[in-house]
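J.: Structure, please.
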Amino acid sequence: MTMKWSVAVLALALGAPPALEAQATAFPPPLDSTYLRWSPGTRTATFKLVAGIPGRAKSPFNFDGFTDGELTMTVPESATVVLNFVNEDGTPHSAELIGDSTQPLPNMALDQPAIPRAYSRAVSEGIAQFGRDVIRFKAAPAGDYRIICGVPGHALSGMWIRFEVSKEAKSPSLTATPKKP
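T.: As a prediction, this is how the structure comes out:
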């Protein structure tokens, strides 16, 4: 048993939070460029949307290791978007695209996504650990959106990222986004 592991076990046994290793991790995590692919011929952006990546975020309520809007995905207007959703957390999670990033976050999934078909199955109940879904939609109209977890309380706990449909973008991009007040 390593010293680092022994200290973590002792801290847990004494009721201390398991933050010893988390303190060494930078938040937000580095961007993983392999998560986004672009096919210019078909104008299709394919994005790996992972819910609850363990050890890469300050909370299990994250998408691709990011919480509280710390990641922005930008896609060209009218592009086809394919979100390959997978839940890596033991808690059920989902994904739904909601509109108007200036409005307060909802407590749970909305009755309708901001763009037709821009939601996972079981959006209110969530998909179980290692469950998958493919979300496919046309990115229109241009504007600022958010991808949230629709399970009650999860978006309010920070499980959301920004999504922008841009008239000017020629290809999709991922950007680390500082928290806005």
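
J.: if we look at the sheet, which residues does the residue most central in space within the chain bridge to?
T.: Centroid check for the chain by Cα atoms, centre = their mean gives residue 63 as the closest residue, at 2.4 Å. Applying DSSP bridges to residue 63 gives these bridge partners: residue 51, residue 66.

J.: looking at it, it is touching residue 51, isn't it?
T.: Yes: applying Cβ atoms under 8 Å as the test, residue 63 and residue 51 come out as touching, 6.1 Å apart. Bear in mind the C-beta positions are built from the backbone N, C-alpha and C, glycine included.

J.: Can you pull the residues that touch both of these two?
T.: Common contacts of residue 63 and residue 51 (Cβ atoms under 8 Å, 6 or more residues apart in numbering): 95, 149, 159.

J.: residue contacts, the last one?
T.: Which is residue 159. Per Cβ under 8 Å, 6+ apart, neighbours of residue 159: 51, 59, 61-63, 67, 93, 148-149.

J.: can we see that at 10 Å?
T.: 51-52, 57, 59-63, 66-68, 89, 91, 93-95, 105, 147-151, 153 (Cβ atoms under 10 Å, 6 or more residues apart in numbering).

J.: List buried residues within these.
T.: Buried members of the contacts of residue 159, counted by 16 or more other Cβ atoms under 10 Å: 51-52, 57, 60-63, 66-68, 89, 91, 93-95, 105, 147-151.

J.: Can you show me the strands along the chain?
T.: 36-39, 44-51, 71-76, 80-87, 96-98, 132-138, 143-148, 160-166, 173-176 (DSSP state E).

J.: that older thread, pLDDT and distance to residue 114 added to the shared contacts of residue 63 and residue 51, as JSON lines?
T.: Shown next, in JSON lines, are the shared contacts of residue 63 and residue 51 (pLDDT from 0 to 100; distance: Cβ to Cβ, whole Å):
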{"residue": "95", "pLDDT": "98", "distance to residue 114": "12"}
{"residue": "149", "pLDDT": "98", "distance to residue 114": "15"}
{"residue": "159", "pLDDT": "97", "distance to residue 114": "17"}
